[in-house]
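A.B. asks: next one to model:
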Amino acid sequence: MDKALFNDLTQSLKEAVAIRKGDAPASRRFEVARMDVKAVREQIGLSQSEFARLMRVSVKTLQNWEQNRRHPTGPAAALLAIVSDAPEAALKSLHRAA
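C.D. replies: Residues are numbered from 1 along each chain as shown. Predicted coordinates for the structure are as follows:
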């Protein structure tokens, strides 16, 4: 390995450790906003069981999302964003696929 690259990697690891310990501030920080699942469901006027069936998840999973015990990830989070931004198109597509 190139000595300059090795030194850069070593320095990066030392900075990461300092940030983790709270001894140095992070140069960048990203905040990911949580989706308000209950608001999305209420926006389209469906009951929990109807919305869970549409999202293809259990009612218990939906309740966990709505009560912030769990948070949707991956495809479920993406689908919720689509339903929130374009409810008519999303509902039309989801009902067709069911």
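A.B. asks: quick check, residue 34 in contact with residue 68.
C.D. replies: Yes: with contact defined as Cβ atoms under 8 Å, residue 34 reaches residue 68; the gap is 7.5 Å. The way it works is simple: take the backbone N, C-alpha and C, and place the C-beta from them, glycine included.
A.B. asks: shaky segments in this protein?
C.D. replies: 98 (pLDDT under 70).
A.B. asks: residues in contact with the residue most central in space within the chain?
C.D. replies: Geometric centre of the chain, nearest residue: residue 73, 4.4 Å, by Cα atoms, centre = their mean. Applying Cβ atoms under 8 Å, 6 or more residues apart in numbering to residue 73 gives no contacts.
A.B. asks: so residue 80 touches residue 40, yeah?
C.D. replies: Yes: with contact defined as Cβ under 8 Å, residue 80 counts as touching residue 40 (5.7 Å).
A.B. asks: chain center to the helix or strand containing residue 11, what's the gap?
C.D. replies: Secondary structure from DSSP states H and E places residue 11 in helix 3-21. In terms of Cα atoms, centre = their mean, to the nearest Å, the centre of helix 3-21 is set 29 Å apart from its chain centre.
A.B. asks: domains of the protein?
C.D. replies: Domain ranges of the chain: 1-29, 37-97, per automatic domain parsing.
A.B. asks: what secondary structure does the nearest residue to residue 54 once chain neighbours are set aside sit in?
C.D. replies: Distance criterion Cβ to Cβ, 6 or more residues apart in numbering; nearest residue to residue 54, sequence neighbours excluded, is residue 94 at 5.3 Å. Assigned by DSSP: H, G, I helix; E, B strand; the rest coil, the conformation of residue 94 is helix.
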